[in-house]
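> When you get a sec, could you give me coordinates for this:
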Amino acid sequence: MRLIGDENVPLPLLRKLREDGHDVLAVVETHRSIRDEIVLQIAVEERRVLLTFDRDFGEMIFAKGFAAPIGVIFVREVPRSLAETITAVRNVLHANAPRIDGYFVAIDRKARYHPLPENSRND
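Alright, predicted model coming up:
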């Protein structure tokens with residue numbers, strides 16, 4: 001899967017996802033300190049699922065009508081350890097998990113799938 005990791009996503013998590021075979025663009029490596037709007041624009045233009053710990057993206061997409069990427073994974077409640085975070089994200093990306101395309105997936109105690117607004121989808 002093609003992902004873009006927001007600047008707040010730990011590099012060890014992004015490296016694990018790369019080891020799993022995902023194509024991961026890490027903002028912290030390539031676009032340090034860019035605005036959220038630009039991160040979202042890159043995700044849309046490059047057709048990448050956005051991985052973030054930042055709740056602002058939900059507001060931008062659902063309340064402000066910004067164009068949405070093909071999917072968003074929002075780690076809403078930061079797990080107690082990096083290992084728990086890696087497991088939670090891997091579970092969402094697992095081949096048997098529900099489809100991510102077209103969804104805003106919020107991870108807290110479990111993954112919750114919210115359809116992206118029709119008017120913001122970039123299919």
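
> ok, now how distant is the residue sitting nearest the centre point of the chain from D36?
In the chain, the residue lying closest to the centroid (CA atoms, centre = their mean) is L51, at 2.0 Å. Noted for L51: a distance of 13 Å to D36, by CB to CB, to the nearest Å. (C-beta placed from N, C-alpha, C; glycine too.)

> Next: R47.
18 Å.

> So the two - more neighbours on which side?
Under the criterion of other CB atoms under 10 Å, the comparison of R47 against D36 puts D36 first, with 18 against 14.

> Just list the residues touching that one, thanks.
6, 54, 56-57, 60 (CB atoms under 8 Å, 6 or more residues apart in numbering).

> ok, 6 Å please
Residues in contact with D36, defined by CB atoms under 6 Å, 6 or more residues apart in numbering, are D56.

> Kindly provide the distance from it to V89.
Relative to V89, and taking CB to CB, D36 is found at 19 Å.
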